[in-house]
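Engineer: what shape does this take:
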Amino acid sequence: MTDKPLNLGNYITADNQDTPIEGSEKAIAAARQWGGTVDFTRCPGVTHDEIVNAGLPQTLQWLKEAGI
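Structural biologist: Model (predicted):
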């Protein structure tokens, strides 16, 4: 067992918030319980509603355009 925190994934989040878009509630709960980490990739200039409404392909395009 290592003392380095387990990384439980990278999740896309809107530019104006620190919470993930979808699917990572369990990872966050596990990170808090077991001392792991969860990374977020911010989608610059895009709101939560825009990401939710656009879907993953468009969100990935926005990230690509932002050079992320």
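Engineer: surely residue 40 and residue 9 touch.
Structural biologist: No - contact criterion CB atoms under 8 Å: residue 40 and residue 9 do not qualify, at 9.8 Å. The way it works is simple: take the backbone N, C-alpha and C, and place the C-beta from them, glycine included.
Engineer: by contact count, what packs against the helix or strand hosting residue 32?
Structural biologist: Secondary structure from DSSP states H and E places residue 32 in helix 25-34. Judged by 3 or more CB pairs under 8 Å, 6 or more residues apart in numbering; DSSP states H and E, helix 25-34 is in contact with strand 7-14, strand 37-43.
Engineer: the shortest one to strand 7-14, inter-axis angle?
Structural biologist: This points to strand 37-43. 20 degrees (axes from the mean of the first three to the mean of the last three CA atoms, to 10 degrees).
Engineer: residues touching strand 37-43, excluding its own?
Structural biologist: With contacts defined as CB atoms under 8 Å, 6 or more residues apart in numbering, strand 37-43 is touched by 5-15, 18, 20, 24, 27-28, 31, 51, 59, 62-63, 66, 68.
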